[in-house]
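> structural data only, the sequence is not supplied:
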């Protein structure tokens, strides 16, 4: 080894001495030699020089590429536009879109959802240990976590957060999720959660972002929502709030966040995230086209926005959400109490046409209350598209005794015409979908009336008292597929969300048993059986699953999102996002 090193040093010295002699070299001799060449020799000589130079560059480039590798480079800024104003960047109070988005950037929970919607450890060191009785969850915490103010994160912060949101004086919208849970500190880095009853969906609660006890413990309940720390928030998340810019009116124009250098999962690649706040979606579109922002997101079921999917400068992600649009049948209606009538309307519904013509193809057609990303979902022998059949629908109505009256052009039974009313709100996409449903069903010779109302009036006068024949409406589920609130018979009356009035003893039993275990295999089986019952009974026509359309500049790399439990979780893998790359020696 010593001989090899000494030879290497000697060679370097020889090259250096040669370089020192270069100033004394007479380069003019090349000119004299070149002048003595014939025209043809000069051409060959120059061609040879070009060939040698090109070969050298190719060899050098090959050597460089083969001995280096491309890696993520830190730096750059992501700019996202949002509708609305931030007010409560506080994990136990946040409800608006801007507040929830900022909470996900600034704070951390014990667990979080990855880009595929799976539950993974965040502040926790591993998945929880569940007791044999399935009521006790032991969570070990990471020991290298600090707050943005350099205070140490411990179990005290977790206990404080949960007990605060359980306290009715603080009016947390998360309180109902925790009223049957006791939280205890075992040591500085161990937490014990004890549930009153076994709860399959409970583990999802552990994504609750955590507040700093030292920062908030002396703030009384009456001042909690008024504290300046609701805007100048301190968390343990990947980004910390750097600057809040306001307009002369006092409205917040933007919030700049910088990467937290002591973030426990390594410093994020992007140096800054800038959130810019707008009043309308038209403003967002204009900001995107003018490159004032790098991206924004929306749900087509909520907003009538269309984007050019062929724009090479943009990447448009359509991320499935656990929510859907459906037509709910009021099973208290004598006509709709007949399953054959419900089946006929379902068979006559062209879901694909509605998806394409109303929602520009953003979403997917479905045929039940469980969605493909959820526990218990299983494919049917027929796709929802294949179930559309006018002939099958007509046969079902014939079986139900509704015969075509040639004089009136309507189906009648006991001298009464088949007439139904479809209710929905006045949002333009719902109006268009209702009109398409009416046109499709009227091919069965049914008289269909539309009842279009403002959302509040629809809620107060139609949904709560269940005063409808059919209702076109959306339901937002959650990360866990627990259908209790939507389909258990105990939830038929307001404020329950069983809109159809569906009551089935077997379904109730499956729902109750599935939510009373943490065994995923058992839940999978029981929810699958529940879905079979719903498909057979047809208490609703399940139209389309919502997607979150996330529009980002194509220069933003490593955005690995595939589906979302909620739009606020779109930042779950933001520490890995990057814009620039660099090459380093292997």
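In hand now; what should we look at? Being a predicted model, the structure only gives us computed values, none of them experimental.

> got the contact list for stretch 338-358?
Residues from elsewhere that reach stretch 338-358 (C-beta atoms under 8 Å, 6 or more residues apart in numbering): 327, 329, 335-336, 361-366, 384-385, 387-390, 392-394, 396-397, 399-400, 402, 429, 432-433, 436-437, 440-441, 443-444, 470, 537-539, 541, 543-544. (C-beta placed from N, C-alpha, C; glycine too.)

> try it again with 7 Å
329, 335-336, 361, 363, 365, 384-385, 387-390, 392-393, 396-397, 399-400, 429, 432-433, 436-437, 440-441, 443-444, 537-538, 541, 543-544 (C-beta atoms under 7 Å, 6 or more residues apart in numbering).

> list buried residues within those.
329, 335-336, 363, 365, 384, 387-388, 393, 396-397, 400, 429, 433, 436-437, 440-441, 444, 537-538, 541, 543-544 (16 or more other C-beta atoms under 10 Å).

> keep only those of the residues you listed that are in strands.
Counted as lying in strands by DSSP state E, out of these, are 329, 365, 541, 543-544.

> listing request: residues of the chain with sub-threshold pLDDT.
The model of the chain has pLDDT under 70 over residues 1-34, 63-65, 67-73, 302-304, 306, 308-309, 381-387, 581-586.

> between the ones in strands among the buried ones among the contacts of stretch 338-358, which sits nearest residue 219?
residue 544 (44.0 Å; C-beta to C-beta).

> now the closest one, nearest residue through space, not along the chain?
Using C-beta to C-beta, 6 or more residues apart in numbering and skipping the chain neighbours, the partner closest in space to residue 544 is residue 363 (4.4 Å).

> what residues are up against the one you found?
Contacts of residue 363 by C-beta under 7 Å, 6+ apart are 300, 355, 544-547.

> how does it look with 10 Å?
299-301, 318, 320-321, 324-325, 351, 354-356, 543-547, 549 (C-beta atoms under 10 Å, 6 or more residues apart in numbering).

> in stretch 462-471, what's buried?
Within stretch 462-471, the residues that qualify as buried by neighbour count (16+ other C-beta under 10 Å) are 462-463, 466, 468-471.

> show me just the buried residues among the contacts of residue 363.
By neighbour count, with 16+ other C-beta under 10 Å, those hold 299-301, 318, 320-321, 324-325, 351, 354-355, 543-547, 549 as buried.

> thought residue 314 was touching residue 288?
Yes: counting by C-beta atoms under 10 Å, residue 314 does reach residue 288; the two are 7.8 Å apart.

> quick one: common contacting residues for these two?
With C-beta under 10 Å, 6+ apart, residue 314 and residue 288 have common neighbours 294-295, 307, 551-553.

> and the helix or strand that contains residue 421, what other elements does it pack with?
Secondary structure from DSSP states H and E places residue 421 in strand 419-425. If you count contacts as 3 or more C-beta pairs under 10 Å, 6 or more residues apart in numbering; DSSP states H and E, strand 419-425 packs onto strand 314-329, helix 339-347, helix 428-441, strand 447-453, helix 455-458, strand 470-476.

> again, 6 Å this time
helix 428-441, strand 447-453, strand 470-476 (3 or more C-beta pairs under 6 Å, 6 or more residues apart in numbering; DSSP states H and E).

> show me what the second one packs onto, helices and strands only.
Okay, so that is strand 447-453. Counting by 3+ C-beta pairs under 6 Å, 6+ apart, strand 447-453 packs on strand 419-425, helix 428-441.

> tell me which of those lies nearest to residue 83.
Among the helices and strands packed on strand 447-453, the nearest to residue 83 by C-beta to C-beta is helix 428-441 (16.9 Å).

> and the angle for the closest one with helix 339-347?
Counting by axes from the mean of the first three to the mean of the last three C-alpha atoms, to 10 degrees, helix 428-441 points 120 degrees away from the direction of helix 339-347.

> what comes into contact with helix 428-441?
304, 345, 348-350, 354, 358, 422, 424, 448, 450, 452, 472 (C-beta atoms under 6 Å, 6 or more residues apart in numbering).

> pull out the buried residues from those.
When the contacts of helix 428-441 are checked against 16+ other C-beta under 10 Å, the ones flagged as buried are 345, 348-350, 354, 358, 422, 424, 448, 452, 472.

> so residue 194 is in which element?
Per DSSP H and E, residue 194 falls inside strand 190-195.

> strand partners (parallel or antiparallel) of that strand?
strand 136-140 (antiparallel), strand 181-187 (antiparallel) (DSSP bridges).

> how about those, which one is nearest residue 122?
strand 136-140 (10.9 Å).

> list the buried residues of that closest one.
Neighbour count says strand 136-140 has 136-137, 139-140 buried, by 16+ other C-beta under 10 Å.

> got the contact list for it?
Here strand 136-140 makes contact (C-beta under 6 Å, 6+ apart) with 110, 124-125, 128-130, 190-194.

> change it to 10 Å
110-111, 121, 123-131, 155, 158, 181-184, 186-187, 189-195, 199, 202-203, 205-206, 518.

> in PyMOL, how would I select the buried members of the residues you listed?
Selection of buried members from these for PyMOL, criterion 16+ other C-beta under 10 Å:
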select buried, resi 110+111+121+123+124+128+130+155+158+181+183+189+191+192+193+195+199+202+203+205+206+518
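
> all strands for the stretch 1-150 of the chain, in order.
68-73, 77-83, 111-113, 119-121, 129-130, 136-140 (DSSP state E, counting those that start in this stretch).

> what's the answer for the stretch 201-350 of the chain, then?
239-246, 252-259, 272-278, 295-298, 314-329.

> bridged to the nearest residue to residue 470 once chain neighbours are set aside, which residues?
Excluding the flanking residues, the one nearest residue 470 by C-beta to C-beta, 6+ apart is residue 422, at 4.7 Å. Residue 422 has the following beta-bridge partners by DSSP bridges: residue 450, residue 470.

> any chance of the shared contacts of residue 314 and residue 288 in TSV, plus distance to residue 533 and neighbour count?
Conversion of the shared contacts of residue 314 and residue 288 to TSV gives the following (distance: C-beta to C-beta, whole Å; neighbours: other C-beta atoms under 10 Å):
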residue	distance to residue 533	neighbour count
294	46	23
295	42	21
307	39	15
551	39	22
552	41	22
553	46	16
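
> ok, those residues vs residue 576, which is closest?
Taking the shared contacts of residue 314 and residue 288 together and measuring to residue 576 by C-beta to C-beta, the closest member is residue 552, at 14.0 Å.
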